[in-house]
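**Q** next comes the sequence, and after it the predicted model I'd like to discuss.
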Amino acid sequence: MEELLPSEYRAYRKRVREFAAAEVLPVALEQDAKEEFPIPLAKKMGEAGLFGITIPKEYGGQGLDYLSYIIAVEELARVDSSPAATVAAHNSLGITPIYTFGTEEQKQHYIPGLCTGEKVWAFGLTEENAGSDPKGVETRADLVDGSWVINGAKMFITNS
């Protein structure tokens, strides 16, 4: 399979593989034992260009394609699936919807910091009575007197 990849993808794979070996592997067991979100590692992943992979450079992204994104997730997962999931969720569930559906003001405000790792996107879906079924979610956000009031409880928050 490797020989089927054009040279720019092989170089990208090598770069991400080296990052995973140097930055993820040394802290993987400790982070799992602590059960904490690795903020320093997330910042390093952002600095390494692993956030905003498919986002245009004008917003602080890498301007790469989805094969590059897949290669990055794959190479991180070779070492530790947790940072791979962080990169996957941050890029696909976090940044991409803002880029695809957000206003220009939202894009300018949120995307650059999300691409650098200065900010990390989080996702709360799973609830005790609903699991990860969005149709069964009971948490509500209601606009009350100009402010949002959120009521409900989540079990797991991705990237928190």
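**A** Looks like it came in fine.
**Q** where do the helices of this structure begin and end?
**A** Assigned by DSSP state H, the helices in the chain fall at 7-19, 25-34, 39-47, 66-79, 81-89, 96-101, 104-116.
**Q** look up how far residue 46 lies from the nearest residue to residue 76 once chain neighbours are set aside.
**A** Leaving aside its sequence neighbours, residue 76 sits nearest to residue 84 (Cβ to Cβ, 6 or more residues apart in numbering; 3.9 Å). C-beta coordinates here come from the backbone N, C-alpha and C atoms, glycine included. Distance of residue 84 to residue 46, computed by Cβ to Cβ, to the nearest Å: 15 Å.
**Q** now do residue 127
**A** Residue 127 is 29 Å from residue 46, by Cβ to Cβ.
**Q** so for the two, which sits in the more crowded spot?
**A** Taking other Cβ atoms under 10 Å, residue 127 and residue 46 do not tie; residue 46 has more neighbours (22 against 19).
**Q** check what pLDDT the more buried one gets.
**A** For residue 46, the pLDDT comes out at 95.
**Q** OK, contacts around it?
**A** By Cβ atoms under 8 Å, 6 or more residues apart in numbering, the residues touching residue 46 are 115, 116, 117, 118, 120.
**Q** residue 77 and residue 42, how far apart?
**A** In terms of Cβ to Cβ, residue 77 sits 16 Å off from residue 42.
**Q** those two: which has the busier surroundings?
**A** residue 42 (21 against 17).
**Q** surely that one and residue 87 touch.
**A** No - using Cβ atoms under 8 Å, residue 42 is not in contact with residue 87, being 9.3 Å away.
**Q** any weak-confidence spans in this structure?
**A** The chain contains residues with pLDDT under 70 at 1-2.
**Q** most distant residue from the middle of it?
**A** residue 145 (33.3 Å; Cα atoms, centre = their mean).
**Q** what about it, distance to residue 75?
**A** According to Cβ to Cβ, residue 145 stands 49 Å off from residue 75.
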